[in-house]
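Student: Give me a model of this one.
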Amino acid sequence: MTLFERYLSLWVLLCIVAGIVLANLLPDLFGVLASLEYASVNLVVAVLIWAMVYPMMVAVDFGAIKGVGARPKGLVITLVVNWLIKPFTMAALGVLFFNHIFAGLIGRGDAGQYVAGLILLGAAPCTAMVFVWSQLTKGDPNYTLVQVSLNDVIMVFAFAPIVALLLGVTDIAVPWETLVLSVVLYIILPLVAGAITRARLMGQGGDAAVAGFTARIKPMSVLGLLLTVVLLFGFQGNVILGNPVLILLLATPILIQSYGIFAIAYAWAWKWRVPHNVAAPCALIGTSNFFELAVAVAIGLFGLNSGAALVTVVGVLVEVPVMLSLVWFANRTRASFAV
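Tutor: Have a look, this model is predicted:
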């Protein structure tokens with residue numbers, strides 16, 4: 001891991017500050033950038049999200065899914081946690097905090113937006129940063145790839161129905177056109193582009209060609225992440241500066257969800273005697289979010305300046321520090337797991 005990747009939390013923090021400061025210094029520029037939308041999708045953010053997603057889609061190996069039967073425990077845990085537990089606990093926490101515990105501190109209309117933002121975060125398991133967390137815990141790269149590949153395939157079919165189900169439960173109208181467009185734009189198209197690229201690279205030089213290509217374009221993914229953070233916090237800068245208490249309120253259920261989901265998956269893996277190099281990535285995948293997708297869909301569904309988009313931006317703020325703390329915990333409990 002490079003020095004740049006090691007201190008990613010610091011760069012993210014600096015980009016958050018930069019976004020807020022730049023938005024105050026150059027409000028017209030950020031206003032123009034925010035106005036570049038089509039079908040409620042910001043085009044600048046769309047390009048940056050593609051930059052983040054595409055390298056990982058090239059790394060997706062559909063052939064690796066064939067071997068999942070050999071060691072299924074890690075896959076069972078991550079799939080159950082990602083698709084049968086995580087979206088629903090996040091929705092429940094959202095309703096609990098914003099409709100009840102924090103109800104006197106926020107408006108009822110805003111509560112619906114915040115719950116929607118949490119649902120979008122909870123229904124989108126991580127597909128990009130997973131490889132970073134896996135590497136930091138000395139995870140099995142092939143198994144991690146299979147987990148991510150399988151989650152990506154399931155996400156294509158399950159993300160929209162789960163979000164629609166949970167948003168319907170919370171009485172929020174779902175614009176299906178925008179939701180489906182976002183899934184196609186941010187998952188299906190990059191996945192197809194990545195598969196085509198991978199097939200061509202495999203034909204030219206096999207796995208070495210794929211590894212070389214993904215290594216060369218990897219900085220593009222990190223740069224896309226950082227620029228997206230600058231833009232999003234620039235778009236939300238006034239809200240953040242004007243409502244620091246609100247940001248703390250929004251972060252509370254996200255933090256509880258993150259550490260709670262990790263505890264469930266990690267303890268389950270320990271109980272099942274799953275090797276640590278599978279257990280750690282398994283728990284971290286369930287804990288982290290595909291926040292690029294959540295942010296994009298929140299912006300597409302509710303707009304750049306919506307409460308739902310703000311929640312997903314807070315999710316970005318919370319994500320990296322939380323995940324680094326869990327990496328620290330996982331590395332220090334390695335000896336407790338089966339070899």
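
Student: remind me, longest helix of this structure?
Tutor: helix 189-235 (DSSP state H).

Student: so after that helix, what's the next helix or strand?
Tutor: On the C-terminal side of helix 189-235, the closest following helix or strand by DSSP states H and E is helix 237-242.

Student: ok now the following helix or strand past that next one, how far from the chain's centre?
Tutor: Following helix 237-242 in sequence order, the next helix or strand is helix 244-271 (DSSP H and E). Relative to the chain's own centre, helix 244-271 is displaced by 14 Å; criterion: CA atoms, centre = their mean, to the nearest Å.

Student: likewise stretch 85-101?
Tutor: On CA atoms, centre = their mean, the centre of stretch 85-101 falls 18 Å from that of its chain.

Student: Buried residues of it, list them for me.
Tutor: By neighbour count with 16 or more other CB atoms under 10 Å, stretch 85-101 contains the buried residues 85-95, 97-99. No exception for glycine: its C-beta is placed from N, CA and C like everyone else's.

Student: Just the CA trace of it, in CSV.
Tutor: Output of stretch 85-101 as CSV, limited to C-alpha atoms (Å, rounded to 0.1, in the frame of the first residue of the first chain):
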residue,chain,number,x,y,z
ILE,A,85,-29.9,-8.0,7.6
LYS,A,86,-28.1,-4.8,6.7
PRO,A,87,-30.7,-3.0,4.7
PHE,A,88,-33.4,-3.7,7.2
THR,A,89,-31.4,-2.8,10.4
MET,A,90,-30.4,0.5,8.7
ALA,A,91,-34.0,1.3,7.9
ALA,A,92,-35.1,0.4,11.4
LEU,A,93,-32.4,2.6,13.0
GLY,A,94,-33.4,5.4,10.7
VAL,A,95,-37.0,5.2,11.8
LEU,A,96,-36.1,4.7,15.4
PHE,A,97,-33.8,7.8,15.5
PHE,A,98,-35.5,10.2,13.1
ASN,A,99,-39.1,9.4,13.8
HIS,A,100,-38.7,8.9,17.5
ILE,A,101,-35.5,9.7,19.4
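
Student: contact partners of that stretch?
Tutor: Stretch 85-101 is contacted from outside by 106, 110-111, 114-115, 118-119, 121-123, 125, 162, 166, 169-170, 249, 252-253, 256-257, 260-261, 264, 286, using CB atoms under 8 Å, 6 or more residues apart in numbering.

Student: Phi, psi for Gly303 please.
Tutor: Note on Gly303: its backbone torsions stand at phi 100, psi 160 [degrees, to the nearest 10].

Student: oh sorry, the question was meant for Asp28
Tutor: Torsion angles, degrees, to the nearest 10, at Asp28: phi -70, psi -40.

Student: Show the pLDDT at Trp270.
Tutor: In this prediction, Trp270 carries a pLDDT score of 95.

Student: Counting neighbours, what do you get for it?
Tutor: 16 (other CB atoms under 10 Å).

Student: And for the one 5 residues further on?
Tutor: Using other CB under 10 Å, Pro275 is surrounded by 17 other residues.

Student: Same question for Leu226.
Tutor: 21.

Student: any idea how far it lies from Ala51?
Tutor: 10 Å (CB to CB, to the nearest Å).

Student: lowest average confidence, helix or strand, in this structure?
Tutor: Within the chain, no helix or strand scores below helix 176-183, which has a mean of 63 by mean pLDDT, DSSP states H and E.

Student: Would you mark the buried spots in stretch 109-128?
Tutor: 110-128.
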